[in-house]
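Colleague: here are the coordinates; sequence isn't available:
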């Protein structure tokens with residue numbers, strides 16, 4: 001895709017699309033599993049036989065009942081069966097909450113009731129895109145096209161949109177196909193300007209990739225989702241996508257307002273509670289955030305039991321556990337955090353960014369002073385299928401080796417991590433600071449503080465600039481790690497700089513105040529040290545009773 005973008009005549013268009021795609025890649029760390037190579041089907045011998053994406057076809061085709069509490073959406077389609085319409089609407093509900101399995105089941109149920117319903121096959125193609133299986137999406141859409149004679153004029157327009165979308169997915173290096181996809185949405189809106197779904201699709205199209213499903217929103221997409229609410233005020237999907245957009249482009253209070261609406265309108269959807277949780281965490285309301293993450297987990301586990309569906313097929317489960325772990329860690333509840341991180345790590349990854357996210361477990365082990373265990377976990381990542389995971393694994397293995405005083409081995413891991421970077425798009429690399437942090441730590445442990453400090457400060461600037469609530473939480477823990485490294489090696493200037501940055505990033509995090517207290521204590525400023533220690537203890541008032549607080553390392 002980079003070659004095509006370089007040839008684009010309009011630099012402004014090129015920059016906008018490239019920036020959006022880069023943002024989407026970062027956002028994948030936060031929520032959806034958007035692969036770097038979206039047009040690549042998942043049938044490569046790595047998934048179970050008879051699967052679509054990573055989910056067995058049998059599971060996706062199981063009969064499903066109509067459910068309550070998941071939100072209400074309606075899009076009139078051509079059918080003589082009221083039940084088929086109801087199941088189509090339910091599929092639509094699940095699509096807009098990223099519940100790909102239940103969406104597919106609902107659309108299949110609609111097809112069983114009305115085999116001539118073209119739009120049900122369009123819905124299936126959307127669910128399969130969510131599962132990152134473009135080949136299956138194309139097959140389902142082919143069936144929709146074969147039934148196009150039964151479709152209304154409005155449905156024909158949506159068929160055209162899906163056709164342009166799949167064409168772009170199959171050749172994402174062709175920028176003209178992207179513009180054709182976006183133009184198809186614009187043309188449909190010109191004919192049906194009061195259709196809220198077209199306004200939502202127009203927001204999707206503005207993101208630069210059809211895979212983001214609202215997560216790549218910018219300030220330019222806000223108006224599209226707000227317009228959808230004008231025509232459909234109780235449309236939880238629009239609130240959902242506005243929440244994602246405000247998470248990335250602030251203010252955080254607006255994201256919280258939208259996630260509150262999402263939960264109100266779809267209380268039985270785990271992702272709604274998950275989103276509300278990470279917006280609460282972003283505003284320092286960590287205990288409330290944990291309750292939302294736990295509610296999401298409760299709903300998920302009840303669903304797995306009731307439907308006999310293994311958690312490994314639900315992309316959302318690991319993501320929720322990781323955010324739950326980060327929230328427990330922020331409160332000093334390390335035992336609960338460890339359980340959440342370890343369970344998330346035990347689940348399989350289905351796309352590259354899910355594999356990358358598994359780094360949360362070895363990172364936690366490093367922070368808890370368990371480098372040998374962190375090294376073992378990192379080596380599991382090194383064996384994974386995708387360059388993203390291997391990149392994270394080598395980077396973390398290098399840090400674990402430094403903690404074990406094996407500096408030459410750490411250099412080898414740095415070289416291997418940099419080799420994996422060659423397989424990643426340039427705009428993705430800019431958002432990943434793992435190798436820069438490892439290189440900087442090597443310099444610092446060799447007492448090359450001038451160059452090491454410059455690199456570490458660069459890392460800090462980059463990680464706090466990444467949009468999204470998950471990236472925000474991850475940045476805080478990375479800052480905490482840098483502050484600990486700086487204290488361990490006696491680089492108190494970097495320790496002070498980082499402590500202040502932590503407090504600015506999240507004043508509610510005890511770790512930042514402890515970090516500043518330790519610096520003040522080292523410099524002999526008893527007043528500031530006492531003030532910050534007191535604040536840290538207050539913020540960790542519900543930490544594990546046996547949790548050891550940070551203390552000055554003797555050099």
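Modeller: Done, it's in. Keep in mind that what you see is a predicted model, and the values were worked out from it rather than measured. Numbering: from 1, shown residues only.

Colleague: which stretches of the protein aren't confidently modelled?
Modeller: Scanning the chain for pLDDT under 70 picks out 1-49, 210, 551-555.

Colleague: can you give me the strands for the stretch 151-300 of the chain?
Modeller: Assigned by DSSP state E, counting those that start in this stretch, the stretch 151-300 of the chain shows no strands.

Colleague: what's stretch 383-394 in contact with?
Modeller: With contact meaning Cβ atoms under 8 Å, 6 or more residues apart in numbering, stretch 383-394 is reached by 36, 46, 349, 351-353, 355-356, 358-359, 362, 378-382, 413-414, 416-417, 420-421, 423-424, 432, 434-435. Quick note: C-beta positions are derived from backbone N, CA and C, even for glycine.

Colleague: wasn't residue 77 part of a helix?
Modeller: No. Secondary structure of residue 77 (DSSP: H, G, I helix; E, B strand; the rest coil): coil, not part of a helix.

Colleague: and for it, nearest residue in space, chain neighbours not counted?
Modeller: The shortest distance from residue 77 to any non-neighbouring residue, by Cβ to Cβ, 6 or more residues apart in numbering, is to residue 119 (4.2 Å).

Colleague: got it, and residue 130?
Modeller: Residue 130 sits nearest to residue 100 (Cβ to Cβ, 6+ apart), 4.1 Å away.

Colleague: the one you found: how many residues sit nearby?
Modeller: Residue crowding around residue 100 was assessed by other Cβ atoms under 10 Å; the count is 28.

Colleague: so it makes contact with residue 54?
Modeller: No. Residue 100 is not in contact with residue 54 according to Cβ atoms under 8 Å; the separation is 9.9 Å.

Colleague: tell me, what's touching these two both at once?
Modeller: Counting by Cβ under 8 Å, 6+ apart, the common neighbours of residue 100 and residue 54 are residue 131.

Colleague: flag every buried residue along the one helix or strand residue 474 maps to.
Modeller: Assigned by DSSP states H and E, residue 474 belongs to helix 469-489. For helix 469-489, burial by neighbour count (16 or more other Cβ atoms under 10 Å) applies to 469-489.

Colleague: repeat for stretch 533-545
Modeller: By 16+ other Cβ under 10 Å, the buried positions in stretch 533-545 come out as 533, 535, 536, 537, 539, 540, 543.

Colleague: and for stretch 64-81?
Modeller: 64, 70, 71, 73, 75, 77, 78, 79.

Colleague: is it correct that residue 55 is in contact with residue 100?
Modeller: Yes. Between residue 55 and residue 100 there is a contact at 7.5 Å, judged by Cβ under 8 Å.

Colleague: between those two, which contacts overlap?
Modeller: Shared contacts of residue 55 and residue 100 (Cβ under 8 Å, 6+ apart): residue 131.

Colleague: now stretch 62-75, how far from the centre of its chain.
Modeller: From the chain centre to the centre of stretch 62-75 is a distance of 25 Å (Cα atoms, centre = their mean, to the nearest Å).

Colleague: tell me how far the ends of it are from each other?
Modeller: End-to-end distance of stretch 62-75 (Cα to Cα, to the nearest Å): 23 Å.

Colleague: going along the chain, name the helices of the stretch 201-350 of the chain.
Modeller: In the stretch 201-350 of the chain, the helices defined using DSSP state H, counting those that start in this stretch lie at 219-231, 236-249, 252-265, 270-282, 286-307, 315-330, 334-346.

Colleague: residues contacting the first one, please?
Modeller: Okay, so that is helix 219-231. The contact list for helix 219-231 (Cβ under 8 Å, 6+ apart) reads 194-197, 199-200, 202-203, 206-207, 214, 217, 235, 237-239, 241-242, 245-246, 249.
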